[in-house]
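J.: Predicted coordinates and the sequence they were generated for:
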Amino acid sequence: MNPNEKAIEVMDLSVQIKTDDGTLPIVSGISFHLKKGETLALVGESGCGKSITCLALTKLLPSNTTIYPMGSILFEGNNLLESSSEKLRSVRGREIAYVFQEPFSSLNPLHKIGDQLIESFLLHGLGSREDAEKKAIYLLERVGITDAKHRLEQYPNQFSGGMLQRVCIAMALMCDPKILIADEPTSAIDVTIQLQLIELLKELRKEHGMSVLFISHDIGLVSHIADRIAVMYAGKIVEQGSVDMVIDSPKHPYTKALISAYPSHENIGKKLVTIEGIVPSPKSYPSGCRFHTRCKDKLEICTTSIPKPTIVSDSQTVECFLYGGKESA
Ligand SMILES: Nc1ncnc2c1ncn2[C@@H]1O[C@H](COP(=O)(O)OP(=O)(O)OP(=O)(O)O)[C@@H](O)[C@H]1O
């Protein structure tokens, strides 16, 4: 596998949602890519547009309220934003699979776990029911669920939250997807189990040769799993780069603030820094750089102009006037 080959490339993606308050710019011209076999973390505070971005990748948002005015999502030679509904159905679950924050949202309480696990395998015509059941048993055991054959006959309410999230991970892997999108997969799980699930995802990524897009608000947590990080703020990606660069040498004032606000081992005994204010609502994004209303380092230009991406090192790009930002990288 060529380590620089891209599994998916998102260019200038914008998503607007029609609401009673008008059409809101939820995601505004973001670009990023996921290389084959790597994990990219999309990080940012609640409401910055992470979930909408990951649903937009396979157009999983309701078409009557969602507008994709421009941009492209290149996957296996196709622009998914221009693909037919049939093509998108063949990609979802089969080539790009999801694990969501709340396992109960992905599972039907009235159906046996086994039937739910094998559904997409059969739907995509990957083999017989017997093949599907064998694979389901293998994957349940692989994600750490013992007595898997017996478990296939049980219902979601017979599993703990952590167990159900393991079931959802197994379910996402049933069709050997090329990309796994994990949207806050450990947020609803007890912290003691969080790191176990992260380790499991790391192992599965290697075994299955997948690429993983890991969504989280927790910059400390993603440093355990990601190769690269993209930091999102108010519908835009403000900084992206390798984990080492973004964590050890953050550039954007928002990334710096997120890291200082993280309760880490190094911060024991120190007062945690809070980021003043809240993420602005898409109803009233400020002009210029959307972070300027909370930024301690803002310049005059930040209130009126939008910074362009600037390459600050081989593996790091930032959108901030403190580092240039007037010309596109
Ligand atoms: N259907 C919708 N109608 C109107 N606004 C929406 C809709 N879905 C999301 N939004 C708004 O879009 C913005 C981005 O939401 P999104 O769920 O993508 O954020 P997030 O970064 O994933 O946050 P969280 O970590 O809390 O899930 C928020 O301001 C949210 O209120």
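T.: Arrived safely, thanks for sending. Numbering: from 1, shown residues only.
J.: drop to CA atoms for contacts and neighbour counts, all remaining ones
T.: Will do.
J.: buried residues in the helix or strand harbouring Asp244?
T.: Asp244 is located in helix 243-248, with elements delineated by DSSP states H and E. Using 16 or more other Cα atoms under 10 Å as the burial criterion, the residues of helix 243-248 that qualify are 243-247.
J.: quick one: contacts of the very next helix or strand once past that helix?
T.: Counting by DSSP H and E, the next helix or strand C-terminal to helix 243-248 is helix 253-260. Applying Cα atoms under 8 Å, 6 or more residues apart in numbering, the set of residues contacting helix 253-260 from outside is 219-220, 231, 233, 239, 246-247, 250, 272-275, 291, 295-297.
J.: Could you rerun that using 10 Å?
T.: The contact list for helix 253-260 (Cα atoms under 10 Å, 6 or more residues apart in numbering) reads 43-45, 217-220, 230-233, 238-240, 246-250, 252, 261, 267, 271-276, 291-292, 294-298, 318, 320, 322.
J.: what about the helix holding Asp244, average pLDDT?
T.: Model confidence over helix 243-248 averages 95 on the pLDDT scale.
J.: Render the CA-only coordinates of that helix in PDB, please.
T.: The C-alpha coordinates for helix 243-248 follow below in PDB (Å, rounded to 0.1, in the frame of the first residue of the first chain):
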ATOM      1  CA  VAL A 243      -0.400  14.500  15.700                       C
ATOM      2  CA  ASP A 244       3.200  15.300  16.800                       C
ATOM      3  CA  MET A 245       3.100  18.800  15.200                       C
ATOM      4  CA  VAL A 246      -0.500  19.700  16.200                       C
ATOM      5  CA  ILE A 247      -0.200  18.500  19.800                       C
ATOM      6  CA  ASP A 248       3.500  19.500  20.500                       C
END
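J.: from the contacts of helix 253-260, which would you call buried?
T.: The buried subset of the contacts of helix 253-260 (16+ other Cα under 10 Å) comprises 43-45, 217-219, 230-233, 238-240, 246-247, 250, 252, 261, 275, 291-292, 294-295, 298, 318, 320.
J.: Can you pick out the ones from the residues you listed that are in helices?
T.: 219, 246-247 (DSSP state H).
J.: wait, which of those is closest to the ligand?
T.: Taking Cα to the nearest ligand atom as the measure, the ligand lies nearest Ile219 of these, at 12.3 Å.
J.: OK, contacts around the closest one?
T.: 41-45, 229, 231, 243, 246-247, 255, 258-259, 261-262.
J.: I'd like the distance between it and Ile237.
T.: For Ile219, the distance to Ile237 (Cα to Cα, to the nearest Å) stands at 14 Å.
J.: Could you do Ile137 as well?
T.: Taking Cα to Cα, one finds Ile137 at 40 Å from Ile237.
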